[in-house]
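Undergrad: Sequence plus the predicted model coming up.
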Amino acid sequence: MQGARGWASRDTTRLVFRAGSRALSMLAVVAAAATTTGVATASSTWAVHSGAAQSAADDWPMFHHDATHSGVATDPATGATAAAAGLTLKWRTALGSKIESSPAVVYNPTLGKTLVYIQTWSNRLVALDAATGSIVWSYAEPGGKGADSSPAVYGNTVYIGATFGHTLWAVDATTGSPVCSYKVSGRIVAAPVVADLGNGPEVFFGDTGLSETDNYGSEWAITGVGNPLGPCKLVWSFNGWGDTNNRTYPGSWSPPALAYDSNQRPILVMDSSQPDSSIYALDARNGAEIWRYQTATFGDLDVGAGATITAPGVNGFADGEVYIPGKNQVMYALDLMTGAVTWQFRMSKMIHVYVNSVSTPAVVGNAVFVAYGYGMWQFNATTGSVIWYTGTAAPVGGMILSSPAIGGAIGDQAVYSNDTAGGITAYSEASGASLWHDTIAQPFYSSDAVSDGMVFTGGMDGAVYAFGP
């Protein structure tokens, strides 16, 4: 699910720890591709400095698709036309323990098949055949049960966080054998993000501290498999939280997002728990704070959702833009370089529903999609005006805590989301109309992955589901 939690927190003096020094070679990212109207899509592709292709174009390699959390796949088999014609359950595989983790879907060239990677509550990382649902391998992580971090796949390695094992694991994507691990100070709930800034793969993730009453957490950067410095070694850590409120120390629940600003500086955007309740931008090279924006100053109103980042120049924003909701039910657009608020909109005031907003947005062209309450929202990415909201005329049976996943070719896209009543719905990107809906017996907290012509998700009944035309 990523971000449906985030309660207690903790503080410290401003501290950034950096292990070693690294020279940054030329930064490169291929920004969102511009349409003929000059408005770019949100889909981003990272340039790989090692020269090795990391994933196929149809892959969904990490939470919300990529390092910027675009949440967008362009496979026409999952578009609005296909959804309106009706999707069917292609397979269901029971894994024996509830699933809050969201799947990653990546083609494995060694095995010659696409695999679905997902973690269960019982600390079991599982790879399934995307075509059949059969289990290819599984890896049982040591430590207390209760895992809900989502996997990230980079090259032939799967990275996954263990909640009560307090460990980030690197596992061979083909065999399921552990490669290396890095133990941190607390529970890893958020999904890791993996990218190469020029010196080999690095893994970015946060922890939330030891417990709800001991939330002294940090944000971490470690080397990935294939990094010249060796795998699973500390690059830097950050716990310079701005608001400690009588020495109550925050941590981070949110999956970090990574992008480049207009100065070609790699920026990691992540959030903190209460009482800090802030959005942070860190220099991804060294963990130095660039800016901080506090969304709330009282109550359990931390920021648990992930940010979605658009590239400089997209929709007229020269520096790039950050889209993210806080648990104060406000949707924010912030300048990527400065943290200045471009616009904000309080969703609860419009619909009079007061629940946590924990869905990571998706961006297509000039539209921002996010779930809140009992429906899906579309905002104008430039102005923040509401284009449509589905929860008034056609609310789903339960709250939507998952993050929207968008599939289909431009002009024929569907927005997929799950709800806590066990429903999965495809909405029209253009109008918000419900194109297709199915209901499973147990709630969904997992967010969908759209890849290989299908929609994949995990249920609280302990099963992984694949839907397709």
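TA: It's in. Numbering: from 1, shown residues only.
Undergrad: What is the least confident helix or strand in the chain?
TA: Every helix and strand in the chain was compared by mean pLDDT, DSSP states H and E; the lowest is strand 29-30, with a mean of 30.
Undergrad: Who is Y154 paired with across the strands?
TA: In this entry, Y154 is beta-bridged to T157, by DSSP bridges.
Undergrad: no, scratch that, I was asking about Y323
TA: Counting by DSSP bridges, Y323 is bridged to T308, A333.
Undergrad: how much space between it and L210?
TA: Distance of Y323 to L210, computed by CB to CB, to the nearest Å: 31 Å. Placement of C-beta: from N, CA and C, glycine included.
Undergrad: quick one, which of those two is more surrounded?
TA: A direct count of neighbours by other CB atoms under 10 Å for Y323 and L210 places Y323 higher, at 28 against 17.
Undergrad: was I right about the more buried one contacting N366?
TA: No: taking contacts as CB atoms under 8 Å, Y323 lies outside contact range of N366: 11.9 Å.
Undergrad: so what's in contact with the two at the same time?
TA: Shared contacts of Y323 and N366 (CB atoms under 8 Å, 6 or more residues apart in numbering): A381.
Undergrad: mind showing which ranges of the stretch 51-200 of the chain have poor pLDDT?
TA: 51-56 (pLDDT under 70).
Undergrad: So which residues of it form strands?
TA: With DSSP state E, counting those that start in this stretch as the criterion, the stretch 51-200 of the chain has strands at 88-94, 104-108, 113-119, 124-129, 135-140, 152-154, 157-162, 167-172, 178-183, 193-196.
Undergrad: possible to save those as JSON lines with distance to V396?
TA: Listed next are the strands of the stretch 51-200 of the chain as JSON lines, based on distance: least, CB to CB, whole Å:
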{"stretch": "strand 88-94", "distance to V396": "18"}
{"stretch": "strand 104-108", "distance to V396": "24"}
{"stretch": "strand 113-119", "distance to V396": "23"}
{"stretch": "strand 124-129", "distance to V396": "27"}
{"stretch": "strand 135-140", "distance to V396": "31"}
{"stretch": "strand 152-154", "distance to V396": "29"}
{"stretch": "strand 157-162", "distance to V396": "29"}
{"stretch": "strand 167-172", "distance to V396": "34"}
{"stretch": "strand 178-183", "distance to V396": "39"}
{"stretch": "strand 193-196", "distance to V396": "29"}
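Undergrad: Output the ones you listed as CSV; include the columns mean neighbour count and distance to Q329.
TA: Putting the strands of the stretch 51-200 of the chain into CSV (neighbours: other CB atoms under 10 Å; distance: least, CB to CB, whole Å) gives the following:
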stretch, mean neighbour count, distance to Q329
strand 88-94, 15, 34
strand 104-108, 25, 29
strand 113-119, 25, 29
strand 124-129, 23, 34
strand 135-140, 16, 38
strand 152-154, 27, 29
strand 157-162, 28, 27
strand 167-172, 23, 31
strand 178-183, 16, 35
strand 193-196, 26, 26
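Undergrad: what's around the nearest residue to D461 once chain neighbours are set aside, how many residues?
TA: Nearest non-adjacent residue to D461, counting by CB to CB, 6 or more residues apart in numbering: Q442, 3.5 Å away. Q442: 15 surrounding residues under other CB under 10 Å.
Undergrad: For D243, which residues are in contact?
TA: Applying CB under 8 Å, 6+ apart, we find D243 in contact with 11, 250, 275-278, 294, 297.
Undergrad: Are any of those residues buried, and if so which?
TA: Among the contacts of D243, those classed as buried by 16 or more other CB atoms under 10 Å are 11, 250, 275-278, 294.
Undergrad: The closest residue to H64 other than its chain neighbours and P361, how far apart?
TA: In space, and not counting its chain neighbours, H64 is closest to G71: 4.7 Å by CB to CB, 6+ apart. Noted for G71: a distance of 7 Å to P361, by CB to CB.
Undergrad: Same drill for the two, tell me which one is more crowded.
TA: Using other CB under 10 Å as the criterion, G71 and P361 rank with G71 on top: 33 against 30.
Undergrad: so that one touches V368, yeah?
TA: No: in this structure, G71 is not within contact of V368 by CB under 8 Å, at 10.2 Å.
Undergrad: Between these two, which contacts overlap?
TA: Taking CB under 8 Å, 6+ apart as the contact rule, G71 and V368 both touch 308, 361-362.
Undergrad: Out of those residues, the closest to V235 would be?
TA: T308 (24.3 Å; CB to CB).
Undergrad: What is the burial count for that closest one?
TA: Neighbours of T308 using other CB under 10 Å come to 28.
Undergrad: Wait, it touches V364, no?
TA: No: with contacts counted by CB under 8 Å, T308 stays clear of V364, the gap being 10.7 Å.
Undergrad: that older thread, take the buried ones among the contacts of D243 and write them to TSV, including secondary structure, distance to G422 and pLDDT.
TA: Formatted as TSV, those follow (DSSP: H, G, I helix; E, B strand; the rest coil; distance: CB to CB, whole Å; pLDDT from 0 to 100):
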residue	secondary structure	distance to G422	pLDDT
D11	coil	39	27
P250	coil	33	81
P275	coil	35	82
D276	coil	34	83
S277	coil	31	87
S278	strand	34	92
Q294	strand	36	94
